[in-house]
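[1] return atomic coordinates for the entry below.
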Amino acid sequence: MKLNSLIVLSLLASTAVHGETKINIYGGPDNSQYLGCYSCPRYSQESVHNPNSPYGSAYSVTSIFNKYGKYGSSYSSFSPCSDFAANPPILRDDKEISYGSLSVNKYRADRSSLPGVQRWLNKEVCQKEEQKY
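    Numbering: from 1, shown residues only. All right, here's what the predicted structure looks like:
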């Protein structure tokens, strides 16, 4: 399970490093708040996978990992971890192409279908119980 996520992240990261598609996370009412880079290497300061970056920290206001912040709380309308979020964050590249919303709500029609995203979101970001993705 975790190995598959790591493989997908490695592929996305190598793509971003070689100047191809960089996939970012944006949130807020109009999805204009930058919340970090999903496809960047783990130790990049922009990476959501770096717990020491402003976007991967459990304490940063711009992190989906902050369980008490508006982008990570299970009760916030702007959080991927809320089952009822009206405006969850989205994945979008530098060319403005959307890869869907980040949401634990499996009934959202616009939920991202990128390989490994839902498992990563449920297991690592929101720490939800095992469910079918």
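[2] hey, let's count contacts and neighbours off CA atoms from now on
    Noted.
[3] which is the next helix or strand following the helix or strand of the chain with the lowest mean pLDDT?
    Scoring the helices and strands of the chain by mean pLDDT, DSSP states H and E places helix 2-17 at the bottom, with a mean of 45. Next in sequence after helix 2-17, counting helices and strands by DSSP states H and E, comes strand 23-27.
[4] residues contacting that next one, please?
    16, 32-40, 71, 78, 87-94 (C-alpha atoms under 8 Å, 6 or more residues apart in numbering).
[5] buried subset of those residues as a PyMOL selection?
    To isolate the buried ones among the contacts of strand 23-27 in PyMOL, judged by 16 or more other C-alpha atoms under 10 Å, type:
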select buried, resi 16+34+35+36+37+38+39+40+71+78+87+88+89+90+91+92+93
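[6] which parts of this protein are helices?
    Assigned by DSSP state H, the chain shows helices spanning 2-17, 117-120.
[7] can you tell me how far the closest residue to I23 other than its chain neighbours is from F84?
    Excluding the flanking residues, the one nearest I23 by C-alpha to C-alpha, 6 or more residues apart in numbering is D93, at 4.4 Å. D93 sits 25 Å away from F84, going by C-alpha to C-alpha, to the nearest Å.
[8] one more: A109?
    Per C-alpha to C-alpha, A109 is found 13 Å from F84.
[9] K22: neighbour count?
    By other C-alpha atoms under 10 Å, the residues close to K22 number 20.
[10] that one contacts C37, correct?
    Yes. Using C-alpha atoms under 8 Å, K22 is in contact with C37, at 7.3 Å.
[11] pull the CA coordinates from stretch 115-133 and hand them back as CSV.
    Presented in CSV, the C-alpha positions along stretch 115-133 are these (Å, rounded to 0.1, in the frame of the first residue of the first chain):
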residue,chain,number,x,y,z
PRO,A,115,-3.1,7.2,-9.0
GLY,A,116,-2.3,7.1,-5.2
VAL,A,117,-3.8,10.4,-4.3
GLN,A,118,-6.8,9.1,-2.4
ARG,A,119,-4.8,6.5,-0.5
TRP,A,120,-2.2,9.2,0.5
LEU,A,121,-5.0,11.6,1.5
ASN,A,122,-6.9,9.0,3.6
LYS,A,123,-3.9,7.3,5.2
GLU,A,124,-1.2,10.1,5.6
VAL,A,125,-3.0,13.4,5.5
CYS,A,126,-6.4,12.8,7.1
GLN,A,127,-5.5,9.5,8.9
LYS,A,128,-8.9,8.0,8.1
GLU,A,129,-9.7,4.3,8.6
GLU,A,130,-9.2,1.9,5.7
GLN,A,131,-11.8,2.2,3.0
LYS,A,132,-12.2,1.4,-0.6
TYR,A,133,-10.7,4.0,-2.9
